[in-house]
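# sequence unknown, structure follows:
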């Protein structure tokens with residue numbers, strides 16, 4: 001049985017099953033992909049011959065950018081290596097082979113003095129150029145008198161209102177918007193110069209003490225609502241593990257920022273275990289670290305346990321491109337999460353971006369509709385029981 005017949009047989013077998021989904025199932029070429037979830041890929045591959053596996057490897061591009069290019073491309077070189085790589089000799093061989101290879105024969109041979117193809121002839125201009133043509137604008141007498149008597153500052157303001165940005169420099173445009181007057185020496189007849197950049201002082205280093213913050217998280221300090229470890233260098237793995245262990249029992253921390261601290265997949269797994277048990281954290285930011293796409297999937301999957309996190313950010317990791325397979329898996333996990341409101345990830349494919357954006361907007365609309373009821377509940381909960389009874393009478 002060939003590859004196509006084997007997949008067709010498995011598809012016919014699995015198509016008899018019926019599944020119920022709350023979201024729109026993903027489709028490829030008009031077929032529902034959920035029908036292939038129960039297929040055992042290892043069993044299918046074990047039934048293929050080595051020749052069929054090589055054909056399948058040539059047709060399928062593994063969606064893993066961590067593989068070397070030699071294992072992702074379909075080209076196979078069966079020649080044995082003649083020795084170590086010598087870049088100089090390789091370039092010389094390529095140049096020699098290019099010089100020795102004859103050029104393709106021309107359909108019409110070249111003959112000196114003959115014109116091949118059509119000769120370009122410039123169009124007639126009748127002695128006039130574009131710059132000599134004048135544009136006549138019909139303006140009423142009232143507007144003409146107003147423009148003739150307008151000052152330079154008023155004309156600049158009018159140009160800013162009409163959107164003639166190309167007629168003004170940046171200082172003129174912003175001065176007109178802010179109504180601050182015209183800068184000296186930068187009028188219509190002045191020379192436009194680049195605005196000097198402003199010098200801003202560098203941001204001070206993060207002074208947060210990791211040991212003290214771990215102790216406060218472990219003691220469940222009610223005043224610690226926001227923990228920021230951004231850009232702190234040389235944090236040991238032991239401190240990260242202690243923080244994630246303390247985060248499990250914490251009931252007050254709402255925002256956790258771990259940007260540019262060197263998180264790896266192993267530490268991301270510890271964080272995912274903590275997110276599965278913590279029910280008060282609302283914002284988690286792990287941008288600019290060394291987490292692989294598989295680690296990001298593990299973190300997003302952990303948000304389905306408590307369903308309390310509202311914002312998750314994980315852009316600018318070691319691998320800038322997630323790949324189609326990872327993005328589709330992230331999309332399925334996000335569509336199962338009813339509480340996530342903001343997701344900070346760079347998605348390459350339009351299908352994943354559109355589906356995630358639609359689901360996030362759906363969650364925001366649902367929470368917006370439920371907000372008045374929650375506010376009423378909180379209002380009545382603060383009223384004393386005796387006063388509430390009198391109010392209900």
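Nice, I can see it. What you are looking at is a predicted structure, and each value in this text was computed from that prediction instead of being measured. Residues are numbered from 1 along each chain as shown.
# now for the helix or strand hosting residue 273, which elements pack on it?
Taking DSSP states H and E as the definition, residue 273 sits inside helix 265-277. Applying 3 or more Cβ pairs under 8 Å, 6 or more residues apart in numbering; DSSP states H and E, we find helix 265-277 packed against helix 237-249, helix 293-306. For the C-beta atoms, the positions are set from N, CA and C on the backbone; glycine is no exception.
# can you give me the strands for this protein?
Listed in chain order, the strands of the chain (DSSP state E) span 27-28, 31-32, 226-228, 255-257, 283-285, 311-313, 342-344.
# rank those strands by pLDDT, which is bottom?
Of all the strands of the chain, the minimum mean pLDDT falls on strand 27-28 (a mean of 68).
# picking that back up, so which of the strands of the chain comes closest to residue 98?
strand 27-28 (42.6 Å; Cβ to Cβ).
# quick one: residue 370 from residue 341, how far?
Applying Cβ to Cβ, to the nearest Å, the value for residue 370 to residue 341 is 13 Å.
# compare these two (neighbour count), which wins?
Set residue 370 next to residue 341 and count neighbours by other Cβ atoms under 10 Å: residue 341 wins out with 16 against 10.
# check what pLDDT the more buried one gets.
Residue 341 carries a pLDDT value of 93.
# among the helices and strands packed on helix 265-277, which is the most enclosed?
Comparing these by mean neighbour count (mean count of other Cβ atoms under 10 Å), helix 293-306 comes out on top with a mean of 20.
# phi, psi of residue 149?
Dihedral pair for residue 149: phi -90, psi 0, per degrees, to the nearest 10.
# any chance of the strands of the chain in JSON lines, plus distance to residue 331 and mean neighbour count?
Compiled in JSON lines, those are given as follows (distance: least, Cβ to Cβ, whole Å; neighbours: other Cβ atoms under 10 Å):
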{"stretch": "strand 27-28", "distance to residue 331": "13", "mean neighbour count": "10"}
{"stretch": "strand 31-32", "distance to residue 331": "15", "mean neighbour count": "14"}
{"stretch": "strand 226-228", "distance to residue 331": "30", "mean neighbour count": "15"}
{"stretch": "strand 255-257", "distance to residue 331": "24", "mean neighbour count": "20"}
{"stretch": "strand 283-285", "distance to residue 331": "19", "mean neighbour count": "19"}
{"stretch": "strand 311-313", "distance to residue 331": "14", "mean neighbour count": "18"}
{"stretch": "strand 342-344", "distance to residue 331": "10", "mean neighbour count": "15"}
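# with distance to residue 333 and mean pLDDT as new columns, can the helices and strands packed on helix 265-277 be given to me in JSON lines?
Putting the helices and strands packed on helix 265-277 into JSON lines (distance: least, Cβ to Cβ, whole Å; pLDDT from 0 to 100) gives the following:
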{"stretch": "helix 237-249", "distance to residue 333": "21", "mean pLDDT": "94"}
{"stretch": "helix 293-306", "distance to residue 333": "5", "mean pLDDT": "93"}
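# can you add distance to residue 270 and give the ones you listed back as JSON lines?
JSON lines is the format used below for the helices and strands packed on helix 265-277 (distance: least, Cβ to Cβ, whole Å):
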{"stretch": "helix 237-249", "distance to residue 270": "5"}
{"stretch": "helix 293-306", "distance to residue 270": "11"}
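# which of the ones you listed sits closest to residue 209?
helix 237-249 (10.7 Å).
# show me how this protein divides into domains.
1-16+33-62, 152-189, 210-382 (automatic domain parsing).
# of these, flag the one that's most buried.
Most buried of those, by mean neighbour count (mean count of other Cβ under 10 Å): domain 210-382, with a mean of 16.
# tally up the residues packed near residue 73, please.
When neighbours are counted by other Cβ under 10 Å, residue 73 registers 10.
# mind checking pLDDT for it?
pLDDT recorded at residue 73 is 70.
# residue 208 versus that one, what's the distance?
Using Cβ to Cβ, we find residue 73 at a distance of 47 Å from residue 208.
# give the contact list for residue 158.
By Cβ atoms under 8 Å, 6 or more residues apart in numbering, residue 158 lies in contact with residue 150.
# before we move on, back to that, of the strands of the chain, which is nearest residue 155?
Comparing the strands of the chain by Cβ to Cβ, strand 342-344 comes nearest, at 44.9 Å.
# elements contacting that closest one?
strand 311-313, helix 350-382.
# just checking: what are the partner strands of that strand?
Using DSSP bridges, the strands paired with strand 342-344 in its sheet are strand 311-313 (parallel).
# where does the prediction get shaky in the chain?
1-26, 28-29, 58-64, 69-72, 74-76, 127-140, 142-143, 156, 159-195, 371-393 (pLDDT under 70).
# swap the cut-off to 90 and go again
Applying pLDDT under 90 to the chain flags the ranges 1-87, 90, 101-204, 234, 306-308, 318-323, 365-393.
# residue 285 reaches residue 258, doesn't it?
Yes. If you go by Cβ atoms under 8 Å, residue 285 and residue 258 touch, sitting 6.7 Å apart.
# circling back: figure out which of the strands of the chain is closest to residue 91.
Per Cβ to Cβ, nearest to residue 91 of the strands of the chain: strand 27-28, 43.6 Å.
# any idea how far residue 340 is from residue 366?
Remark: distance between residue 366 and residue 340 (Cβ to Cβ) = 12 Å.
# I misspoke; the intended subject was residue 303.
Distance from residue 303 to residue 340, by Cβ to Cβ: 7 Å.
# what residues are shared contacts of these two?
Counting by Cβ under 8 Å, 6+ apart, the residues touching both residue 303 and residue 340 are 309, 312.
# got the contact list for the nearest residue to residue 280 once chain neighbours are set aside?
Excluding its sequence neighbours, the residue lying closest to residue 280 (Cβ to Cβ, 6 or more residues apart in numbering) is residue 251, at 5.3 Å. Residue 251 sits next to 220, 279-280 when contact means Cβ under 8 Å, 6+ apart.
# tell me who's in contact with residue 351.
With Cβ under 8 Å, 6+ apart, residue 351 has these contacts: 328, 331.
# do the same with the one 4 residues further on
Under the criterion of Cβ under 8 Å, 6+ apart, the neighbours of residue 355 are 331, 335.
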